[in-house]
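1. here is a sequence with its predicted model. Questions after.
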Amino acid sequence: MNLLLFGPPGVGKGTQGVRLAEELNIAHLAMGDILRTAVREGTESGNKAKGYMDAGKLVPDDVVVSMIEERILQDRESGFLLDGFPRNVAQAEALQLMLQRHGLHLDHIVFMDAPEEELLKRLSGRIICRACGFGFHRHYSPPQKEGVCDRCGGELYQREDDREDVIADRLHVYHEQTRPLLSFYEQQEGFARIDASGAMDEVLEKLKRVVND
Ligand code: AMP
């Protein structure tokens, strides 16, 4: 099964993406995680991406498109969940052509939404495992031991771009560039929209209902 989750920053694509992909036994392809790994490893793509990411801006399309294509091809047998790609209409068009070229398609395309106030609360309290990418929240879902991932024992950290000033830029980029994906996808087969403002388990149940349909 191949899935796409999209929506504003902080809506829980990553949090739910990890859980849903695990349930379905498919690969979780989170563009932000792929980029952060490339930055950490100092690859050519990572070096190109770093400045954009620190500023909360989108990394150029050619960089992200070739990175995600490589991962899609690696995981085409098991199926994959795309999280954070595409983030604008040009990327969505590139994805469509790429999938066609490889004889693949998206079974479900889910738009997750929540009020902006809620997104801000979620983003500013977010802490993430450096090793496995699993997300926690200082107040809503704290780890059992401060600073340590419940799942793998990795170190938890706050992302540079989860600072308040950068969050505002990321939300602006979302409204300008990513939200138009809604008109691109809403008429396509497999499209669903869910309210992601509730508790984490409730949102996961909603997602499972959509994909098991
Ligand atoms: P995320 O972890 O999904 O919030 O992504 C973190 C940052 O990585 C974004 O603010 C962008 O700078 C960059 N990024 C992630 N996905 C994309 C994409 N599809 N296109 C361009 N930049 C991206």
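-> Now that the structure is in, tell me what you want to look at.
2. counting neighbours, what do you get for the closest residue to the ligand within the chain?
-> Residue of the chain nearest the ligand, by Cβ to the nearest ligand atom: residue 32 (2.0 Å). To be clear about C-beta, it is placed using only N, CA and C from the backbone, and glycine gets the same treatment. By the criterion of other Cβ atoms under 10 Å, residue 32 has 20 neighbours.
3. quick one: contacts for it?
-> Listed by Cβ atoms under 8 Å, 6 or more residues apart in numbering, the contact set of residue 32 reads 14, 83, 84.
4. what residues sit buried inside the helix or strand it falls within?
-> Following DSSP states H and E, one finds residue 32 within helix 31-41. Under the neighbour-count criterion of 16 or more other Cβ atoms under 10 Å, helix 31-41 has 31, 32, 33, 34, 35, 36, 38, 39 buried.
5. mind putting those into TSV with pLDDT?
-> Output for those, formatted as TSV (pLDDT from 0 to 100):
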residue	pLDDT
31	96
32	93
33	92
34	95
35	96
36	92
38	96
39	95
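6. could you single out the nearest of these to residue 198?
-> residue 32 (23.2 Å; Cβ to Cβ).
7. ok, and what's touching stretch 93-109?
-> Contacts for stretch 93-109 (Cβ under 8 Å, 6+ apart): 1-4, 6, 61, 65, 68-69, 72-73, 76, 82, 85-86, 185, 188, 190-192, 210-211.
8. for that stretch, give the mean pLDDT please.
-> Here stretch 93-109 scores 97 as its mean pLDDT.
9. pull out the buried positions in it.
-> So for stretch 93-109, counting by 16+ other Cβ under 10 Å, buried means 94, 95, 98, 99, 106, 108, 109.
10. what about that stretch, distance to the chain center?
-> 17 Å (Cα atoms, centre = their mean, to the nearest Å).
11. quote the end-to-end distance of it.
-> Distance across stretch 93-109, first residue to last, is 14 Å (Cα to Cα, to the nearest Å).
12. is the ligand contacted by it?
-> No - Stretch 93-109 lies apart from the ligand when judged by Cβ under 6 Å from any ligand atom; the minimum separation is 9.6 Å.
13. quick revisit: please flag which of the buried residues of stretch 93-109 sit within strands.
-> Among the buried residues of stretch 93-109, DSSP state E puts 108, 109 in strands.
14. mind listing what the closest residue to residue 158 other than its chain neighbours touches?
-> Nearest residue to residue 158, sequence neighbours excluded (Cβ to Cβ, 6 or more residues apart in numbering): residue 127, at 5.6 Å. By Cβ under 8 Å, 6+ apart, the contact set of residue 127 is 135, 136, 137, 138, 143, 156, 157, 158.
15. neighbours around residue 16, how many?
-> Neighbours around residue 16, by other Cβ under 10 Å: 25.
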